[in-house]
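>>> test case, fold it:
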Amino acid sequence: MTFLHEIGSGVHVLRHPVLDVNATLVVGGESALVVDTLSTAVQAQELLAAVRRVTALPLTVVNTHHHFDHSFGNQVFAGAKIWAHEEAARLIGPAMHARAAVEYPDMASELACTTPSAPTELVRAAADLDLGDRPVQLRHFGRGHSIGDLAVLVPDADVLIAGDLVEESGPPQFDDAYPLDWPDTVAALLARLTPDSRVVPGHGAVVGLPFVTAQHEHLAALAWLIREGDADGAPPERVAAKSPFPQDVSLPAVQRGYLQLNALT
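I've put the predicted structure just below:
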């Protein structure tokens, strides 16, 4: 049985063992918000059961970005409003489903029984939700881990749900990323944090201001390495070897950064 754990007043996190991905429940006076719906319909059913052990209130959903491990459980929440950035909504569909099945063959059977469900409510820069005497802010601070990252802020609990803009249990992933933009986007997150803030990363344990500050410094260092490497004509492998992150994730970052600098992405 999968359980949610309260990390702040009325804010609960489910850390799912598959891919160590987080889903978050925010309970208000009149409704509740589920942030990210996990990878498959089976996982989302576990999530919904855990949510219903906490609250019977009507539900709204937010996808922090388009990747399957954060959005493919949407179908289980049919009938609820599902919010996402407009670019994320565009990308939740058959192409992502096919890619996930190839990249995660151990989940192929569950994915075969999962139909991607597109979000119904689109955000360009900002939207505010009212859960009943509890405001929640949806903010797109810029590109980073993906083209359509949304941060979810719960001001009265001093909680920020960051999606994969912040990663705890592994290094940031750059396959669809914008590594030159990512530092500025995380800087915007940092501007909303206090010394007591709790930050729910896309994967791993809940963190705070010091962790996000350190990750921002590493992202900024990598962005400068990419700019310098491009100016010097350095091969991506040489730049990745200098990165503060492991080389296997840094090489895609450098390649993506070079494409950005040369206006190819």
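
>>> hey, let's count contacts and neighbours off CA atoms from now on
Noted.

>>> so where do the helices sit in the protein?
Counting by DSSP state H, residue ranges of the helices within the chain are 41-54, 68-71, 86-91, 94-103, 108-112, 182-190, 209-232, 236-240, 247-261.

>>> so what touches the second one?
The one in question is helix 68-71. Around helix 68-71, the neighbours that count as contacts under Cα atoms under 8 Å, 6 or more residues apart in numbering are 19, 21, 23, 36-40, 63-65, 92, 96-97, 100, 116.

>>> before we move on, what about the first one?
Outside of helix 41-54, the residues within contact range by Cα under 8 Å, 6+ apart are 1-4, 14, 23, 25, 37-38, 72-76, 110-111, 113-115.

>>> type out the ChimeraX command that picks the buried ones from those residues.
Burial among the contacts of helix 41-54 is assessed by 16 or more other Cα atoms under 10 Å; the matching ChimeraX selection reads:
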select :3,4,14,23,25,37,38,72,73,74,75,76,111,114,115
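
>>> now, the contacts of helix 41-54 that are in strands?
Secondary structure defined by DSSP state E assigns Leu14, Ala23, Leu25 of these to strands.

>>> might you report the residue contacts of the first one?
Put plainly, it is Leu14. Residues in contact with Leu14 (Cα under 8 Å, 6+ apart) are Thr2, Phe3, Leu4, His5, Asn22, Ala23, Thr24, Leu47.

>>> the fourth one contacts Ala23, doesn't it?
I take that to be His5. No - taking contacts as Cα atoms under 8 Å, His5 lies outside contact range of Ala23: 10.6 Å.

>>> anything in contact with each of these two?
A shared contact of His5 and Ala23, defined by Cα under 8 Å, 6+ apart, is any residue touching both; here these are Val13, Leu14.

>>> thinking again about what came up before, possible to save the ones in strands among the contacts of helix 41-54 as a markdown table with pLDDT?
As requested, the ones in strands among the contacts of helix 41-54 are arranged in a markdown table below (pLDDT from 0 to 100):
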| residue | pLDDT |
| --- | --- |
| Leu14 | 98 |
| Ala23 | 98 |
| Leu25 | 98 |
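
>>> which one of those residues is nearest Glu87?
Comparing the ones in strands among the contacts of helix 41-54 against Glu87 with Cα to Cα picks out Ala23 as the nearest, at 20.6 Å.

>>> show me what that closest one is bridged to.
For Ala23, the beta-bridge partners are Leu14 (DSSP bridges).

>>> again, but for the one 10 residues further on
For Leu33, the beta-bridge assignment (DSSP bridges) gives partners Val26, Thr60.

>>> what's the per-residue pLDDT of it here?
In this prediction, Leu33 carries a pLDDT score of 99.

>>> measure how buried it is and give me the count.
Burial of Leu33 is recorded as 25 neighbouring residues (other Cα atoms under 10 Å).

>>> could you double-check that it lies in contact with His12?
No - counting by Cα under 8 Å, Leu33 stays clear of His12, with 10.4 Å between them.

>>> what is in contact with the two at once?
Contact criterion Cα under 8 Å, 6+ apart; residues shared by Leu33 and His12: Thr24, Leu25, Val26.

>>> residues near the first one, how many?
By the measure other Cα under 10 Å, the count of residues near Thr24 is 25.

>>> my read: it touches Leu38, true?
No - contact criterion Cα under 8 Å: Thr24 and Leu38 do not qualify, at 10.4 Å.

>>> could you dump the contacts of Leu14 into TSV and include distance to Ala253?
Below are the contacts of Leu14 laid out as TSV (distance: Cα to Cα, whole Å):
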residue	distance to Ala253
Thr2	34
Phe3	35
Leu4	33
His5	34
Asn22	23
Ala23	26
Thr24	28
Leu47	32
